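In: pasting the sequence and the predicted model now:
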Amino acid sequence: MTAELTVPTRSDRWTDVCGFVDLMPERGACALVDGVQVAIFRTFDGELYALSNFDPFSGAYVLARGILGTRNGAPTVASPMYKQVFDLRTGQCLDDEQVVVPTYPVRHNSAGRVEVSLP
Amino acid sequence: MNVAGDGFHRLVVIGHGPTGHRLVEALRERDTGRRWQVTVIGEETRSAYDRVALTSHLTEGADLAYPAHDPEVTLLTGDPVTGIDRAERVVTTGSGRRVGYDALVLATGSSPFVPPVPGRDLPGVFVYRTIDDLEALRAYSAALAEPVSGTVVGGGLLGLEAARALQGLGLDTHVVEVAPWLMPRQLDEGGGAMLRRHIEALDMQVHAGTPMAGLAAGDDGRVARVEFGDGSAIDSRVVVFSAGIRPRDELARGCGLPVGERGGIVVDEGCRTADPAIYAVGECALVGGQVYGLVGPCFSMAEVVADRLLDGGATFAGADTSTKLKLMGVDVASFGDPFAAALDVTYTDPVAGVYKRLVVSDDARTLLGGVLVGDADSYPTLRAYIGGQLPGTPEQALFGGTEAAGGDLPGSTVICSCNNVSADTIRCAIRDDSLTELAEVKGCTRAGTTCGSCVPLVKKILDAELTAAGIEVSKALCEHFPHSRSELFDIVRVRGITTFTQLITEHGQGRGCDICKPAVASILASLGNGHILDGEQAALQDTNDHFLANMQKNGTYSVVPRIPGGEITPDRLIVIGEVARDFGLYTKITGGQRIDLFGARVDQLPAIWKRLVDAGFESGHAYGKALRTVKSCVGSTWCRYGVQDSVAMAIRLELRYRGLRAPHKLKSAVSGCARECAEAQSKDFGIIATERGWNLYLSGNGGMRPRHADLFATDLDDQTLIRYIDRFLMFYIRTADRLQRTASWLESLDGGIDYLREVIVDDRLGLCAELDAAMDRHVAAYSDEWRDTLEDPDKLRRFVSFVNAPDTPDPSIRFEPERDQIKPVLLAGPELEVVTR
Ligand SMILES: Cc1cc2nc3c(=O)[nH]c(=O)nc-3n(C[C@H](O)[C@H](O)[C@H](O)COP(=O)(O)OP(=O)(O)OC[C@H]3O[C@@H](n4cnc5c(N)ncnc54)[C@H](O)[C@@H]3O)c2cc1C
């Protein structure tokens, strides 16, 4: 994993993926954007986060199906496969400092839609 | 040993009982230079087995064989040694073999004493010593036409055990004891009288204090009656003699070695006979003027000789002869010298059937011995104090005032007398090897691995050590809750909490994690809060529960429909086959007698289940910490040997407990006879049919840490069986830790299986009504999770590949063929090594 992937490049190209209400609170869903699997999470307080759906520990596209929570205050998702925990804000794996997964900008627009932006 | 030196020497061991076996094991372990070439000659046709557990062979069909020796040890079975030529140093066997030795060990044990009464050789008269004895007894009893009576002659420790076994064979059982009360060698009159009441409460008749005149035959020439000196008689078609044992010293006598006046091969403290090349160990040896009839001292002698053979100077310093009766439901223990002439403190509670007596030194400080009947909970602790200073008054000791011991027991105190393990040995093992689990301590020190009565004490020592080392085992579930799972369970139950949000706001911090969320989800489900995907509960579930299927390595899921008891019609089997074929799934038969269908994408799950539900299938909960399967053998309907309908019982149990959420998965099995084809003893709850009902086994486990289930109750009728299981499961659900299987849960329960029996059978905690009601609620509320999901569009929303492209299958999922089925291909392949935590 390379560091540049964790700092998303600015982009005006937002892609509409679903309605905010289509996302279950404290759960993730996966969107396919230009062939890229993006895991979108809606936390308890209504915040949205987007990470790559690819779990680097198992090689399977499953992060969207993990359990959300907090670790020392940071919002997290635990991979459903082998349970490594990732910081939703940065993609940093909190159980292995070598590992970071890509994050993507995501927003909730005024029309109640969720959009993500890919570099 | 003067033959030692370079080169190797021939050791011959006569007798392959527990002592002979232990000697060889101990020697092989230490004789790393392989100085001794070992030959063992045994008279029995099988190799050594655990005689202490003999009865379980009859009642549970247990396999008692000890592990085999390493292949360099020569073992000759079924061939008794008939003579020893000390001049030539050669032994001769019944089959004519001649085996030379440099050192010889007699480990010939003892034989049952059969008093010289008329009729003792009649057909139908048995002894109770070997597996062969038991098998002959069982075959004879089974061939008797109608239910008849049987008698055990001898009301001692072994006699009572044999009596219980006779009862287990369906005989109306009598116990005859010449002495005025039962267990006269261990108990005083008061204890004997109390024990008699317990034995009679088990429906056995006791005839004590009446000398027996002889046995009389019936018309068929077989034993039919036991006759007493006073002219009375009892009908009895089976008689078992268990009136004491006699050391088997005939070989020693035959070659001129000194034996005791009342038998036993005379040996010194190094277990050596008058011939320096010959040792005697175990029940055949007379050491310090005493013959020992318990396995603990026998093992110590074996260890002494193993040491001596390698030039050590170990000595046998006498042994503790404390004993505890192994009869289910009857607590009897005797320790130290209960007959010492000193002060005694006695307590009798005729209503509860409890009798306790402690014998203490004249200053009331030192414990000399005692007797416990009806309540032997304090036995392990009291036994450990023998010969030492009591921490309080004798009264306090009688009423469990020494319970908290463990940390402060003197180091030299023998905790496990079967294996001669002291408190210090246990403490050192814990410290040196950083042990934290009871099972580890047992494995490393052997303490508690033979009769098990010291296990509670071993546990206390472990706890005391861990606390002292500051390894305060935190009970907190995770950073979000300072409580253990069982504490959270009580909070949720007592406060009537129904949501995670309420629980974490009021009793925790943060927003939870993948540890506490599924744990709380399971607690909510166990307490019956509707469908697991209802409302906020859905977000708590692990991916398996969230999609009601099992995630596999490539992110696809497997599907397991319930097949109760493993019974399935051809039509339903065809449906499963068709579904698998139509959706291209890989199929495999599971160990739990059902069929697993692999390779389903999330978006396919509803369609697959629609077909299955329409054909009458339900969720198999393979994805949940819940009841998995109740496996069964084919049972009495088809099997020539079956004695009960195991399939019907398995189906009944599986349907009763299906959907029950627990701290971990639950597995069960029902076997239709003692052959145990369903492997019930490796399950969380296993049931084995008997002629008269069902035996219930609890807390077994297969897997990584296999554990044989403990026999909990015998000959139960259907209703009682089910009630006991109800309570067992509900009590486990309430009190276990997160992800703790019933096996380790039971091991962590103070008091173990006996305590569990008190909770479930005697209702000691007054909980049974609540546990029963909880299970009744579960049974009434059960509904198939998959059927409910298919009927609820809101729940179905989650089963899509992509929120923005629900009709596009996940392109990362690929398969390739292998042996005519699919197998997953990982596109990217794991890029990182997985560190399993
Ligand atoms: C039903 C029952 C329950 C028991 N419960 C307990 C208990 O709870 N706690 C406890 O401490 N103890 C208990 N015991 C006693 C315990 O089993 C004995 O202390 C132990 O078996 C002694 O072992 P041993 O090897 O010295 O003798 P044995 O077990 O008698 O073994 C001696 C072996 O030597 C063989 N042998 C004898 N002569 C020859 C020969 N000439 N050539 C070749 N082989 C020969 C015999 O066939 C036998 O196999 C129980 C015993 C029984 C029968």
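Out: Structure's in. What do you need? Numbering: from 1, shown residues only, chains lettered A, B, ... in the order given.
In: show me chain B divided up by domain.
Out: Chain B resolves into domains spanning B:9-111+B:247-309, B:125-243, B:320-400+B:828-837, B:404-474, B:485-541, B:547-624, B:625-782 when parsed by automatic domain parsing.
In: and of the ones you listed, who's closest to the ligand?
Out: Closest approach to the ligand among the domains of chain B is made by domain B:9-111+B:247-309 (1.9 Å; Cβ to the nearest ligand atom). All C-beta spots, glycine's among them, are computed from the backbone N, C-alpha and C.
In: how about the closest one and the ligand, any contact?
Out: Yes - against the ligand, domain B:9-111+B:247-309 shows contacts by Cβ under 6 Å from any ligand atom at B:14-20, B:41-44, B:51-52, B:54-55, B:80-81, B:107-110, B:248, B:251, B:282-283, B:293-296, B:298.
In: picking that back up, could I get the domains of chain B as JSON lines with mean neighbour count?
Out: Shown next, in JSON lines, are the domains of chain B (neighbours: other Cβ atoms under 10 Å in any protein chain shown):
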{"stretch": "domain B:9-111+B:247-309", "mean neighbour count": "20"}
{"stretch": "domain B:125-243", "mean neighbour count": "19"}
{"stretch": "domain B:320-400+B:828-837", "mean neighbour count": "18"}
{"stretch": "domain B:404-474", "mean neighbour count": "18"}
{"stretch": "domain B:485-541", "mean neighbour count": "19"}
{"stretch": "domain B:547-624", "mean neighbour count": "19"}
{"stretch": "domain B:625-782", "mean neighbour count": "20"}
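In: for those, give me a markdown table that also has mean pLDDT and distance to chain A.
Out: As requested, the domains of chain B are exported to a markdown table (pLDDT from 0 to 100; distance: least, Cβ to the nearest Cβ, whole Å):
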| stretch | mean pLDDT | distance to chain A |
| --- | --- | --- |
| domain B:9-111+B:247-309 | 94 | 36 |
| domain B:125-243 | 91 | 48 |
| domain B:320-400+B:828-837 | 76 | 4 |
| domain B:404-474 | 78 | 17 |
| domain B:485-541 | 92 | 4 |
| domain B:547-624 | 97 | 4 |
| domain B:625-782 | 94 | 12 |
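In: with distance to B:Asp807 added, can I get the ones you listed in CSV?
Out: Rendered in CSV, the data for the domains of chain B read as follows (distance: least, Cβ to Cβ, whole Å):
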stretch, distance to B:Asp807
domain B:9-111+B:247-309, 57
domain B:125-243, 65
domain B:320-400+B:828-837, 24
domain B:404-474, 49
domain B:485-541, 23
domain B:547-624, 8
domain B:625-782, 33
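In: mind checking the SS state of A:Leu37?
Out: Just so we're on the same page, residue A:37 is Gln rather than Leu. In the three-state summary, A:Gln37 is assigned as strand, counting by DSSP: H, G, I helix; E, B strand; the rest coil.
In: for the residue in chain A positioned nearest to the ligand, which non-adjacent residue is closest in space?
Out: When distances are taken as Cβ to the nearest ligand atom, chain A reaches nearest to the ligand at A:Lys83, 45.8 Å away. Ranked by Cβ to Cβ, 6 or more residues apart in numbering or on different chains and with sequence neighbours excluded, the top spatial neighbour of A:Lys83 is B:Asp514, at 5.9 Å.
In: that neighbour belongs to a strand, doesn't it?
Out: No - under three-state DSSP, B:Asp514 sits outside any strand and is assigned coil.
In: leaving out sequence neighbours, find the closest residue to the residue nearest to the spatial centre of chain B.
Out: By Cα atoms, centre = their mean, chain B has its centre lying nearest to B:Asp710, at 3.8 Å. Taking Cβ to Cβ, 6+ apart, and ignoring the residues beside it in sequence, B:Asp710 has B:Ile753 as its nearest neighbour in space, at 4.5 Å.
In: other residues contacting the helix or strand containing that neighbour?
Out: Counting by DSSP states H and E, the element that carries B:Ile753 is helix B:752-760. Residues outside helix B:752-760 that contact it (Cβ atoms under 8 Å, 6 or more residues apart in numbering or on different chains): B:329, B:452, B:455-456, B:698-699, B:710, B:712-713, B:724, B:727-728, B:731, B:746, B:749, B:751, B:764-765, B:767-768.
In: next SSE downstream of it?
Out: Read in the C-terminal direction, the helix or strand following helix B:752-760 is helix B:768-781, with elements assigned using DSSP H and E.
In: packing partners of that next one?
Out: helix B:718-735 (3 or more Cβ pairs under 8 Å, 6 or more residues apart in numbering or on different chains; DSSP states H and E).
In: specify the angle between the helix it packs on and helix B:768-781 in degrees.
Out: For the pair helix B:718-735 and helix B:768-781, the angle between their directions (axes from the mean of the first three to the mean of the last three Cα atoms, to 10 degrees) equals 100 degrees.
In: which elements pack onto helix B:718-735?
Out: Here helix B:718-735 touches helix B:485-495, helix B:646-657, strand B:685-690, strand B:693-698, strand B:710-716, helix B:742-748, helix B:752-760, helix B:768-781, going by 3+ Cβ pairs under 8 Å, 6+ apart.
In: quick one: strands adjacent to the fifth one?
Out: Sheet partners assigned to strand B:710-716 using DSSP bridges are listed as strand B:693-698 (antiparallel).
In: contacting residues around the partner strand?
Out: Where contact means Cβ under 8 Å, 6+ apart, the residues beyond strand B:693-698 that reach it are B:59-60, B:644, B:649, B:680-681, B:683-689, B:709-718, B:721, B:724-725, B:728, B:742, B:746, B:753, B:756.
In: apply 7 Å and report the result again.
Out: Residues lying outside strand B:693-698 but in contact with it, judged by Cβ atoms under 7 Å, 6 or more residues apart in numbering or on different chains, are B:60, B:644, B:680-681, B:685-688, B:709-717, B:721, B:724, B:728, B:742, B:746, B:756.
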